[in-house]
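Undergrad: Kindly return the folded structure for what I paste below:
(one chain, ligands or ions: 2)
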Amino acid sequence: MTDCLFCKIISGDIPSTKVYEDEYVYAFRDINPQAPTHVLVIPKKHVSGMSAVDEMDDASLAACLRACRLVAAQEGLNDGGYRVVSNCGDHACQSVHHLHFHVLGGRQMADTMA
Ligand code: 5GP
Ligand code: ZN
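TA: Ligands and ions are numbered 1, 2, ... in the order given. Reported below is the predicted structural model:
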């Protein structure tokens, strides 16, 4: 998608700090981190969000979750633990409509999903 922010990050038109990349996935640091580690894991093929994952091939979808695990390990989060979040739609405050998984860690998270 030409006017999608994260597609532009994948293509390199918008710079980002890469954390991990493979055939299916790109992972980079969030520009406005909410925790000491805050990485966004995104599929290279554009899909608008969680509500559209039925449009994805299984390899790409699985690669996203595997990349979340790999990024967490790479960032040293296995001992302390971490959170993986995907906001979908208005109530969840999704602001970029390209599927992404936030990998958050490095501090104690609140004991609430709100
Ligand atoms: P959402 O609110 O859709 O769940 O998450 C979008 C995330 O993208 C936010 O955490 C926001 O900080 C991040 N973000 C927005 N624009 C940019 C950008 O240009 N570069 C990077 N690295 N992150 C961005
Ligand atoms: Zn996109």
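
Undergrad: can we go C-alpha only for contacts and neighbour counts from here?
TA: OK.

Undergrad: Endpoints of stretch 44-58, how far apart?
TA: The first residue of stretch 44-58 is 13 Å away from its last residue (C-alpha to C-alpha, to the nearest Å).

Undergrad: any residue of that stretch up close to ligand 1?
TA: No - using C-alpha under 6 Å from any ligand atom, stretch 44-58 stays clear of ligand 1, coming no nearer than 9.0 Å.

Undergrad: Now that stretch: buried residues?
TA: K44, K45, H46, V47, S48, G49, M50 (16 or more other C-alpha atoms under 10 Å).

Undergrad: Could you list the buried residues of the lengthiest helix in the chain?
TA: Using DSSP state H, we find that the single longest helix of the chain is helix 58-74. Judged by neighbour count (16+ other C-alpha under 10 Å), helix 58-74 contains these buried residues: S60, L61, A63, C64, L65, A67, C68, R69, V71, A72.

Undergrad: do stretch 93-103 as well
TA: For stretch 93-103, a neighbour-count test (16+ other C-alpha under 10 Å) marks H97, H98, L99, H100, F101, H102, V103 as buried.
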